[in-house]
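Peer 1: Give me coordinates for this.
(one chain, ligands or ions: 1)
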Amino acid sequence: MSEELDRKPIDDLLARASSAISGAGNLDSLERERVRFLGRKGEITSLLRSIGDLPKEKRPAFGDSINEVKEQIQKLHDQRKAFLSRDEGDGDFCMGDPTLPGRRMISGGRHVLQKVLAELTNIFFGMGYSLAEGPDVELDYYNFEALNFPVDHPSRDTQDTFYINKDILLRTQTSPVQIRYMEKHTPPLRIIAPGRVYRNESPDPSHAPEFHQMEGLYVDRNVSLADLRNDVTHFVHAFFGPEAKVRFRPHFFPFTEPSAEADMTCFVCRGSGCPICGRTGWIEIAGAGMVHPHVFRYAGYDPDAYTGFAFGLGLDRLAMLKYGIDDIRRLLANDTRFLRQFWGETGLEVLE
Ligand code: PHE
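Peer 2: Okay, here's the model as predicted:
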């Protein structure tokens, strides 16, 4: 007799068991199939009993084959059982009611500050500025010393500055990028340097310990105060609209001389005076001035050959003014209920 004939009842059994198990539609009928094939009085058992009818030398091989098939059937059963249990489980896999409307997927969107930053860089790129960057963790040298801050200047005080050690701090302004950039480039240069800055201030609606600035720096031969005024005014008109008026008030910064603060007409009352502008009709938007000769010397430039202007814009403040946001802390809170109003229809609107 050939091997094939010996195996036929075993193969038949496997084929029948496998189609019965995969056809079981619920756990009850699966259990009936298990008893039929694997149970104590099941088909496997009776096949094993039939070994006695075989010639002695064929018995071990036949027995091994039956055990193999038994294991296979057990495996098929276990898989089917796991599958049916999920289906009949707590509803995780339930199809649900296909007539209900679908759930809306929420895709993210641009943060309002990123949106403002994109608008500003667009405006300044259009005026010939390029982008520069510096580190948030900065040396005292770049943040203060090379910017001509006297050693005892109050903003070096630990009240305002987060010091990491006596030489390293979290930058309190983006102005150190001026020095870093000038050290590596020769004029003419025209850059903007946006970034996060840190000051140890108690949070309130207009103060946060982290906020954002954008530095501007233009250095060439014969750069004048009129050039500064032109660029700041152009930016205000492009960002807020041509009705906005700009004025400069004398001020003091150690790294510019002369120094000024730039105001624009209040966007709420348009100049007549309201609570937003402290009834002055004007809102401060930038610090600015002509680069101080000492700063040029620190950067390795000849102050007799070059002049330049610098300005620093508060990005959070610009965002608040443009979009009517009443509390700077909202910009850091990552609350999507607030942020999503700036996302646009799909949340995916792209500037440029
Ligand atoms: N760095 C100044 C500040 O944070 C702003 C400024 C920048 C002023 C550039 C003048 C020139 O207050």
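Peer 1: which ones are touching residue 206?
Peer 2: 317, 328 (CB atoms under 8 Å, 6 or more residues apart in numbering). To be clear about C-beta, it is placed using only N, CA and C from the backbone, and glycine gets the same treatment.
Peer 1: Check the residue nearest to residue 50 when sequence neighbours are not counted and give its pLDDT.
Peer 2: If the residues on either side of it in the chain are set aside, residue 50 comes closest to residue 9, at 7.7 Å by CB to CB, 6 or more residues apart in numbering. Note for residue 9: predicted pLDDT of 86.
Peer 1: Same check on residue 351?
Peer 2: 45.
Peer 1: What are the boundaries of the strands in the stretch 51-200 of the chain?
Peer 2: Using DSSP state E, counting those that start in this stretch, the strands assigned to the stretch 51-200 of the chain run over residues 130-131, 137-139, 168-170, 189-198.
Peer 1: Pick the most buried one from those strands.
Peer 2: A comparison of those by mean neighbour count, using mean count of other CB atoms under 10 Å, puts strand 189-198 on top with a mean of 20.
Peer 1: which residues touch it?
Peer 2: Contacts of strand 189-198 (CB under 8 Å, 6+ apart): 117, 120-121, 124, 127-134, 136, 162, 170-174, 177-178, 181-182, 209-220, 315.
Peer 1: SS state for residue 287?
Peer 2: strand (DSSP: H, G, I helix; E, B strand; the rest coil).
Peer 1: Touching, it and residue 253? I think so.
Peer 2: Yes - when contacts are counted by CB atoms under 8 Å, residue 287 is listed as touching residue 253 (6.0 Å).
Peer 1: Mutual contacts of the two, please.
Peer 2: residue 259.
Peer 1: Low-confidence ranges, the stretch 201-350 of the chain, go.
Peer 2: By pLDDT under 70, the weakly predicted segments of the stretch 201-350 of the chain are 345-350.
Peer 1: residues in it within reach of the ligand, list them.
Peer 2: 215, 253, 256, 287-289, 310-312 (CB under 6 Å from any ligand atom).
Peer 1: Now do residue 62 against the ligand, distance only.
Peer 2: Between residue 62 and the ligand the distance is 91 Å, computed by CB to the nearest ligand atom, to the nearest Å.
Peer 1: Tell me how this protein divides into domains.
Peer 2: 3-88, 133-333 (automatic domain parsing).
Peer 1: which residues of the stretch 51-200 of the chain score low on pLDDT?
Peer 2: Judged by pLDDT under 70, the stretches of the stretch 51-200 of the chain that qualify are 87-95, 158-159.
Peer 1: tally of neighbours for whichever residue of it sits closest to the ligand?
Peer 2: Closest approach between the stretch 51-200 of the chain and the ligand, counting by CB to the nearest ligand atom: residue 173, at 3.6 Å. Residue 173 has 22 neighbours, counted by other CB atoms under 10 Å.
Peer 1: Over to residue 17?
Peer 2: 25.
Peer 1: Same question for residue 225.
Peer 2: 15.
Peer 1: Grab the nearest non-local neighbour of it.
Peer 2: residue 290 (6.3 Å).
Peer 1: That neighbour sits in which helix or strand?
Peer 2: Using DSSP states H and E, residue 290 maps to strand 282-291.
Peer 1: Do you have the strands of the stretch 201-350 of the chain handy? List them.
Peer 2: So, for the stretch 201-350 of the chain - with DSSP E, counting those that start in this stretch - the strands run 210-220, 246-253, 256-265, 282-291, 307-314.
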